[in-house]
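Undergrad: Just a sequence and a predicted model for now, questions to come.
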Amino acid sequence: MAKLNFGGVEEEVVTREEFPLEKAREVLADDTIAVIGYGVQGPGQSLNMRDNGFNVIVGQRKGGKSWDKAIADGWVPGETLFEIEEALEKGTIICYLLSDAAQIELWPTVKKALTPGKSLYFSHGFGITYKDKTGIVPPADVDVFLVAPKGSGTSLRRMFVEGKGLNSSFAVFQDATGNARTRCIAMGIGVGSGYLFETDFYREVTSDLTGERGTLMGAIQGIFAAQYEVLRANGHSPSEAFNETVEELTQSLMPLVAENGMDWMYANCSTTAQRGALDWWKPFRDATKPVFEKLYNSVKSGEQAEISITRNSKADYREKLEVELAELRDSEMWRAGSTVRGLRPERG
Ligand SMILES: NC(=O)C1=CN([C@@H]2O[C@H](COP(=O)(O)OP(=O)(O)OC[C@H]3O[C@@H](n4cnc5c(N)ncnc54)[C@H](O)[C@@H]3O)[C@@H](O)[C@H]2O)C=CC1
Ligand SMILES: CC(=O)[C@](C)(O)C(=O)O
Ligand SMILES: [Mg+2]
Ligand SMILES: [Mg+2]
């Protein structure tokens, strides 16, 4: 563990320097890693582990898009791609990467396969933390741990292919073998994490649910929509409103923030912009903070988990999500965005 100073607070993190890939391979040399579910995280994690030289198989329901995608990605039915029950039987580390709602339905099957000494791996603290709602209570004689890549499985794979690494959190819930922590970190390195920071299942799920509902996804769309609507109501064209709300942020300014922080991005803009942004960020913070507090409390009380389970357990949940995604896609702002994206010279 490397001790690092994060803005004045000391924290320990695990880097690839101190826990190299060779060590991770050694730790899991005798394991068969069964990735159950081939949705978004399933492909990212399984392909990275396969390319990293681990013994990986995939378990997925036969027929359907995910099964076909697995075959297209080079998984071979009967060799490295199996029906879920068969993969569960063969695996010594069970990576439970179905959607959080689907994990509830399949749990009785998974539980049966968890013979003593096996490991149960998650990428979210959801199922374990909300056990009263999910019924997910693992047997005492298996290791239970998580590695949660902090980003989409799509980025996890893309960054790996580019030689980069997305960072992940890790946590041990149950250590039956006495070796759970090392095995967990080895998995974290195996899936292609850039570095790993430690948490517990409760803190992982509460921060994650807050982040995705907040600045990462929910709040950002909300604030985009509000500014776009004000610009349009005041006579600005869709292209002007979109460029000034989204395109400039994603294409020009956020890459600068990613590279060197907010102050550096500010410093690379005009002093006119700096003056205004420095005056306005606090009013925006003050206006939104009560919403973030409401959000956090709703996560903490279990209300957000309840909503997610209820809604995503319905037979037609995919169609319902698609209708709401279409509402975004078909909005003037994102239709304007589609045209703007088409005009990027590199796409032409
Ligand atoms: N999507 C992402 O990039 C991230 C996901 N996670 C976590 O990783 C885990 C997996 O999430 P995703 O990859 O988004 O899952 P997903 O929603 O893409 O679903 C994964 C797979 O579950 C299968 N499935 C759905 N219902 C099923 C059922 N009733 N029986 C059998 N199979 C079923 C689907 O065919 C799909 O292949 C979750 O715990 C999630 O919170 C964590 C970080 C990011
Ligand atoms: C990509 C990620 O980490 C999220 C937003 O938390 C999720 O997909 O659940
Ligand atoms: Mg997340
Ligand atoms: Mg999440």
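TA: Structure received. What you see is a predicted model; the values in this text were computed from it and never measured. Residues are numbered from 1 along each chain as shown. Ligands and ions are numbered 1, 2, ... in the order given.

Undergrad: Now do the contacts for the residue in the chain that ligand 2 sits nearest to.
TA: Nearest residue of the chain to ligand 2 (CB to the nearest ligand atom) works out as Glu212 at 3.8 Å. All C-beta spots, glycine's among them, are computed from the backbone N, C-alpha and C. Contact analysis of Glu212 by CB atoms under 8 Å, 6 or more residues apart in numbering lists Gly218.

Undergrad: for the helix or strand where Pro283 lies, packing partners?
TA: Applying DSSP states H and E as the criterion places Pro283 in helix 271-300. Other helices and strands packing on helix 271-300, by 3 or more CB pairs under 8 Å, 6 or more residues apart in numbering; DSSP states H and E, are helix 201-213, helix 218-233, helix 262-267, helix 303-312.

Undergrad: average pLDDT for the first one?
TA: Mean pLDDT, computed over helix 201-213, is 98.

Undergrad: Would you mark the buried spots in it?
TA: Judged by neighbour count using 16 or more other CB atoms under 10 Å, the buried positions of helix 201-213 are Phe201, Glu204, Val205, Thr206, Ser207, Asp208, Leu209, Thr210, Arg213.

Undergrad: can you count the residues close to Glu259?
TA: 10 (other CB atoms under 10 Å).

Undergrad: go on, Ile71?
TA: Based on other CB under 10 Å, the number of other residues close to Ile71 is 13.

Undergrad: cool, and Phe292?
TA: 15.

Undergrad: dump the residue contacts of it.
TA: So Phe292 contacts Thr210, Gly214, Ala219 (CB under 8 Å, 6+ apart).

Undergrad: 7 Å - rerun?
TA: Shown in contact with Phe292 (CB atoms under 7 Å, 6 or more residues apart in numbering): Gly214.

Undergrad: and if you look at Gly188?
TA: Gly188 touches Val147, Ser168, Phe170, Leu196, counting by CB under 7 Å, 6+ apart.

Undergrad: SS state for the closest residue to Gly59 other than its chain neighbours?
TA: Using CB to CB, 6 or more residues apart in numbering and skipping the chain neighbours, the partner closest in space to Gly59 is Ala87 (2.6 Å). Under DSSP: H, G, I helix; E, B strand; the rest coil, the three-state class of Ala87 is helix.

Undergrad: SS state for the nearest residue to Pro20 once chain neighbours are set aside?
TA: By the measure of CB to CB, 6+ apart, the closest residue to Pro20 outside its immediate chain neighbours is Ile189, 7.6 Å from it. Following three-state DSSP, we place Ile189 in the helix state.

Undergrad: when you give positions from now on, start the count at 740
TA: Sure, I'll start counting at 740 from here, so that last one is Ile928.

Undergrad: Does Ile928 touch Leu760 like I think?
TA: Yes - counting by CB atoms under 7 Å, Ile928 does reach Leu760; the two are 5.9 Å apart.

Undergrad: okay, those two: which has more neighbours?
TA: The neighbour comparison of Ile928 against Leu760 (other CB under 10 Å) goes to Ile928, with 29 against 15.

Undergrad: OK, contacts around that one?
TA: Arg755, Phe758, Leu760, Ala763.
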